[in-house]
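[1] sequence first, then the predicted structure, then my questions.
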Amino acid sequence: MFAQFFENVRQKAPLIHNITNYVTVNDCANMLLACGASPIMADERDDAVEITAICGGLNINIGTLNQRTIPAMFAAGKRANEMGHPVVLDPVGAGASGLRTDTAVQLLEKIKCSAIRGNISEVKTLALGSGTTKGVDADVSDKITEENLDETVNFAKEFARRTEAVVVITGAIDIVADGGRAFCIRNGHPMMSRITGTGCQLSALTAAFVTANPEQPLEAAAAAVCAMGLCGEFAHRRLTELEGNATYRNYIIDAMYRLTPIALKEEAKYEMR
Amino acid sequence: MFAQFFENVRQKAPLIHNITNYVTVNDCANMLLACGASPIMADERDDAVEITAICGGLNINIGTLNQRTIPAMFAAGKRANEMGHPVVLDPVGAGASGLRTDTAVQLLEKIKCSAIRGNISEVKTLALGSGTTKGVDADVSDKITEENLDETVNFAKEFARRTEAVVVITGAIDIVADGGRAFCIRNGHPMMSRITGTGCQLSALTAAFVTANPEQPLEAAAAAVCAMGLCGEFAHRRLTELEGNATYRNYIIDAMYRLTPIALKEEAKYEMR
Amino acid sequence: MFAQFFENVRQKAPLIHNITNYVTVNDCANMLLACGASPIMADERDDAVEITAICGGLNINIGTLNQRTIPAMFAAGKRANEMGHPVVLDPVGAGASGLRTDTAVQLLEKIKCSAIRGNISEVKTLALGSGTTKGVDADVSDKITEENLDETVNFAKEFARRTEAVVVITGAIDIVADGGRAFCIRNGHPMMSRITGTGCQLSALTAAFVTANPEQPLEAAAAAVCAMGLCGEFAHRRLTELEGNATYRNYIIDAMYRLTPIALKEEAKYEMR
């Protein structure tokens, strides 16, 4: 299943519009190219709406949002909805400031999202409408563990039911849930958190997978999460003792460029809950 | 000839002002440093005008244009014209949205450009004043092939005559034309299209080469295109089986850092039409 | 001493808010992660103020300043001052345009900075309230040499007394001074100037070191400068003959990721003046 989803990305080469932060935007673009999709970025309202119209999917990331780009997010999201294009929302830093929390909450109210991807603190903030986040990382108190996994899965399913979106919560264990089922994914490597933007890249990747597989957004998002995690694993194996997070960043994108559908199918580690 | 042009870049170390998109800006800066030039970026109108004045050349790239930066492009372009500095225009995504098409067309009307660099779809859009572009990549229907090469060369020369700019159309075969002559260049590697920003980098590089060789913009632009293509070839030879587009991106910039004028002269593959 | 300062960065993992340019922002984020700190970026005024409040330190870099982000710099700086958080100012291009010079001078007047980091031309501009800078690089006429080192140290101390900030002037020899003492640091490699953003990365790093060692900002800033220089040296030793500035950029960040407090202590090359 995952193999076919990945094949579809490579064959359809979906064009993904990203309204995203300027910190990790280059890595998001190269990750989309690595997986077989094509990136385009626009954040001026009218431009963003037109660009959305020629794309297959939209990835909204609020990482360095501002008063000029926020209206572009809403307008592009609305247009994507009108055209039936998948929309992925990455609520970067929701809970860390009022502007981020409010924008993410309102985006979710006004825009039908196919998938929401964040860390547990960000997603809890979205679900509650308020929250506390340590910057762009999850609070330690929120960490997903074997002990609280079932509870977190239930939270994700409930939030997915309410939003009618696939909910992707990434952490030591990743959860990808719709209202009824959840993938608990154990791919990835802890060092991925020592690179800026692996979460942003995954959101872009999720948009590509869901756009190429619109009928099965849950499985498509899970495939994207497994693919990203696997690339983190493969890239880590290549690291030599002098190499650190900058090289690791490149190796992860390289790994996506070289990843085969077969490897994704065989190495994906998940269970359903 | 190309060897001397490249020597001039390294010896004069021209300072190039880039008003460019935030997706590929870091790579443009490192590519300029790699070739021996120096980059500076400013996009607030008054700042951009002053920075233009202390630079040798200006590179305008509309990749993530917005209502704040568009006036900076016009004002900086005007100032560069007043000072007799070369201006390169990269109409990223012209044809993909009204704002991009209109901005590019108006920049070309108001600003005297030394060179215009884009893919065939973008350049056709500029020439016609309207067009359709698949995002930031050329339409398949527009692809430059051996069959339509003469026709495309004639189009490029005609557009160059009209704009009095060197017209650089990049694709499987690159065309660099003024009103009378055209270089058809066969350096490069298809994998360059799997990295974000190789076109943006080439536009920055073209600005550096034309600024260091202002008397011969056609040949200088052709040298830049050959140099970029060669770096794509050299970098590709270094790639091992685990390496992908992220490493390739680095290798291309590395190759420019290491490229010698002699190698450029000897390995440049072009014919005149 | 330096070993302990570095340990403190790794153990406290300070969250650093960066209002910075879009050219080198990704490298700043990865450098902060490499040293053990965490980055966050916000540049919309209200957002920037709130994000400042949840961080430990603030790094203001005026590299691609604009009318929207300048108020964010002032408001965030004020908030950081109210909370007693260290603020680092990087006056990129001060002297190259009126907007840059004026903004940097006014930031210094309105915001209490713990440290100011720039090249000699930028810092002289700040000290005089006006100046000439060749883009983002120091003027040749300003270059720090053995001959003018004592004079430059005296200038740095005097400026430090006046601003009550640690003054960090980077060049062939780096100077880190407060009103009474100065570190003259001879780590680093000339090739670091062939990468965009090593100065920006050092400013971010300085913010991390000063935030983790708030009682000794002079020594903490000197430790950051030595650490950056050492990484430039270690990274250069890894370079093979085909590798250039793109790979060097990655190796420097990698070197910070792998740098040990012991190596910093043992390899730091400085004298007090």
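    Looks like it came in fine. In this text the structure is predicted, and so the values were computed from the model without any measurement.
[2] run a quick neighbour tally on A:Glu151.
    10 (other CB atoms under 10 Å in any protein chain shown). From N, CA and C alone the C-beta is placed, and that goes for glycine too.
[3] scratch that, A:Arg162 is what I was asking about
    A:Arg162, neighbours per other CB under 10 Å, totals 12.
[4] and A:Glu266, by the same measure?
    A:Glu266 has 11 neighbouring residues, counting by other CB under 10 Å.
[5] could I have the helix or strand hosting A:Asn8 exported to CSV, CA atoms only?
    Element membership for A:Asn8, per DSSP states H and E: helix A:2-12. Provided in CSV are the C-alpha atoms of helix A:2-12 (Å, rounded to 0.1, in the frame of the first residue of the first chain):
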residue,chain,number,x,y,z
PHE,A,2,2.7,2.5,1.1
ALA,A,3,4.8,1.4,-2.0
GLN,A,4,1.9,2.3,-4.3
PHE,A,5,1.3,5.6,-2.6
PHE,A,6,4.9,6.6,-3.0
GLU,A,7,4.9,5.4,-6.7
ASN,A,8,1.9,7.7,-7.2
VAL,A,9,3.9,10.7,-5.9
ARG,A,10,6.7,9.9,-8.3
GLN,A,11,4.4,9.4,-11.2
LYS,A,12,2.0,12.2,-10.7
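[6] anything in the helix or strand just after that helix near chain C?
    Remark: after helix A:2-12, the chain's next helix or strand is strand A:15-19, criterion DSSP H and E. No: on the criterion CB under 8 Å from any CB of the partner chain, strand A:15-19 is out of touch with chain C, staying 14.6 Å away.
[7] which strands and helices lie in contact with strand A:15-19?
    helix A:25-35, strand A:38-41, helix A:45-54, strand A:57-61, helix A:69-83, helix A:198-212 (3 or more CB pairs under 8 Å, 6 or more residues apart in numbering or on different chains; DSSP states H and E).
[8] out of the ones you listed, nearest to B:Asp46?
    helix A:69-83 (22.3 Å; CB to CB).
[9] okay, helices next: where are they in the stretch 151-273 of chain A?
    With DSSP state H, counting those that start in this stretch as the criterion, the stretch 151-273 of chain A has helices at A:198-212, A:217-238, A:245-258, A:261-267.
[10] ranking the ones you listed by burial, who's on top?
    Of all the helices of the stretch 151-273 of chain A, helix A:198-212 carries the top mean neighbour count, a mean of 29, counting by mean count of other CB atoms under 10 Å in any protein chain shown.
[11] C-alpha coordinates for that helix, PDB please?
    Extracted in PDB, the C-alpha atoms of helix A:198-212 (Å, rounded to 0.1, in the frame of the first residue of the first chain):
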ATOM      1  CA  THR A 198      12.400  18.300   9.800                       C
ATOM      2  CA  GLY A 199       8.800  18.900  10.900                       C
ATOM      3  CA  CYS A 200       8.300  21.500   8.200                       C
ATOM      4  CA  GLN A 201       9.700  19.100   5.600                       C
ATOM      5  CA  LEU A 202       7.400  16.400   6.800                       C
ATOM      6  CA  SER A 203       4.400  18.700   6.400                       C
ATOM      7  CA  ALA A 204       5.400  19.500   2.800                       C
ATOM      8  CA  LEU A 205       5.900  15.800   2.200                       C
ATOM      9  CA  THR A 206       2.500  15.000   3.700                       C
ATOM     10  CA  ALA A 207       0.900  17.500   1.300                       C
ATOM     11  CA  ALA A 208       2.700  15.700  -1.600                       C
ATOM     12  CA  PHE A 209       1.500  12.200  -0.500                       C
ATOM     13  CA  VAL A 210      -2.000  13.300   0.200                       C
ATOM     14  CA  THR A 211      -2.300  15.200  -3.100                       C
ATOM     15  CA  ALA A 212      -1.100  12.200  -5.100                       C
END
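[12] okay, buried residues for the helix holding A:Asn8 please.
    With burial defined by 16 or more other CB atoms under 10 Å in any protein chain shown, the residues of helix A:2-12 counted as buried are A:Phe2, A:Ala3, A:Phe5, A:Phe6, A:Glu7, A:Asn8, A:Val9.
[13] before we move on, what about stretch A:46-55?
    So stretch A:46-55, judged by 16+ other CB under 10 Å, has buried residues A:Asp47, A:Ala48, A:Val49, A:Glu50, A:Ile51, A:Thr52, A:Ala53, A:Ile54, A:Cys55.
[14] so who does the residue of chain A at minimum distance from chain C touch?
    Chain C sits closest to A:Gly244 of chain A, with a gap of 2.6 Å, by CB to the nearest CB. If you count contacts by CB atoms under 8 Å, 6 or more residues apart in numbering or on different chains, A:Gly244 has them with C:Ala34, C:Ile253, C:Asp254, C:Ala255, C:Met256, C:Tyr257, C:Arg258.
[15] show me the contact partners of the helix holding A:Asn8.
    Contacts of helix A:2-12 (CB under 8 Å, 6+ apart): A:35-37, A:56, A:208-209, A:211-213, A:216, A:219-220, A:222-223, A:226-227, A:259, A:261-262, A:264-265, A:268.
[16] residues touching the closest residue to A:Met1 other than its chain neighbours, list them.
    Counting by CB to CB, 6 or more residues apart in numbering or on different chains, A:Glu219 is the residue found nearest to A:Met1 once chain neighbours are left out, at 6.0 Å. Listed by CB under 8 Å, 6+ apart, the contact partners of A:Glu219 are A:Met1, A:Phe2, A:Phe5, A:Asn213.
[17] alright, calling it a day.
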